[in-house]
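> Take this sequence and fold it.
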Amino acid sequence: MIKFSQKYLPLAAVMSCAVLLTACSNDISVSGPIKARAGIFRTHHSTLSDPIMAISSLSEQQHEWKGTRYRLGGNSKAGIDCSGFMQVTFRDLFGIDLPRTTSEQAEEGTRIDREEIKTGDLVFFKTGRGPNGKHVGVYVKNGQFLHASTKGGVIYSDMNSPYWSRTFWQARRL
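As a prediction, the model looks like this:
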């Protein structure tokens, strides 16, 4: 048996722990890019089939884009319109490529009844403004949807408010 002096015991304990921790580690790798922000890591693509993850991803997206002004035809943080924000959001969060315009997005997926709307569904409105008078957002939860608003930039709005309830046109599930 090897005899250790007292001064080497702490070093031996640390080395033993290091070996054990290394032996217990795994080799799982995450596919796709990882995005780091404020110490929070998320995989590049969330999933629409998991509402809790989708809500979390959409909340983080709103926080990241908060303060971005509305700009017709815009698709960056310098200014973005509603369909551009949906295109960026679905690509970055869910790995889904949407067409650029609201009219084109209104043809994607499957049309669903208002009563069937779930987290991640696209919600469309006929507002009478803009080139086609159409607006799009993504449903989050409890009547709230996330969108790029002409007045407030990237915000949550209540679908049940008189304005959005009156102008609701359709919802689509991707």
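> can you map out the helices along the protein?
Ranges of helices in the chain, per DSSP state H, are 9-24, 51-65, 82-94, 102-105, 162-167.
> For Lys151, which of those helices is the nearest?
helix 162-167 (10.9 Å; C-beta to C-beta). C-beta here means a position set from N, CA and C on the backbone, and glycine is covered the same way.
> circling back: which among the helices of the chain is found nearest to Ser149?
Shortest distance between Ser149 and these, using C-beta to C-beta, is found for helix 82-94: 7.8 Å.
> Tell me the buried residues in the closest one?
82-90, 92-94 (16 or more other C-beta atoms under 10 Å).
> returning to what we had before: export the helices of the chain to JSON lines and tack on mean pLDDT?
Shown next, in JSON lines, are the helices of the chain (pLDDT from 0 to 100):
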{"stretch": "helix 9-24", "mean pLDDT": "44"}
{"stretch": "helix 51-65", "mean pLDDT": "96"}
{"stretch": "helix 82-94", "mean pLDDT": "97"}
{"stretch": "helix 102-105", "mean pLDDT": "96"}
{"stretch": "helix 162-167", "mean pLDDT": "98"}
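> Can you tell me which of those helices is packed in deepest?
helix 82-94 (a mean of 22; mean count of other C-beta atoms under 10 Å).
> hmm, back to that, let's have the buried residues of helix 82-94 in TSV, adding distance to Arg172.
What follows is those, written out as TSV (distance: C-beta to C-beta, whole Å):
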residue	distance to Arg172
Cys82	14
Ser83	13
Gly84	17
Phe85	16
Met86	11
Gln87	14
Val88	18
Thr89	15
Phe90	12
Asp92	19
Leu93	17
Phe94	14
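> List just the one of the helices of the chain that sits closest to Gly128.
Gly128 lies closest, by C-beta to C-beta, to one member of the helices of the chain: helix 162-167, at 7.8 Å.
> now, which of the buried residues of helix 82-94 sits nearest Tyr163?
Cys82 (14.7 Å).
> Is the closest one in contact with Gly137, as I believe?
Yes: the criterion here is C-beta atoms under 8 Å, and Cys82 meets it with Gly137 at 6.6 Å.
> overlap in contacts of the two?
Residues touching both Cys82 and Gly137 (C-beta atoms under 8 Å, 6 or more residues apart in numbering) are His147.
> Looks like Gln62 contacts Leu146 (just checking).
Yes: judged on C-beta under 8 Å, Gln62 makes contact with Leu146 at a distance of 5.5 Å.
> For the closest residue to Trp65 other than its chain neighbours, grab the count of nearby residues.
In space, and not counting its chain neighbours, Trp65 is closest to Val154: 4.0 Å by C-beta to C-beta, 6 or more residues apart in numbering. Per other C-beta atoms under 10 Å, the neighbour tally for Val154 reads 23.
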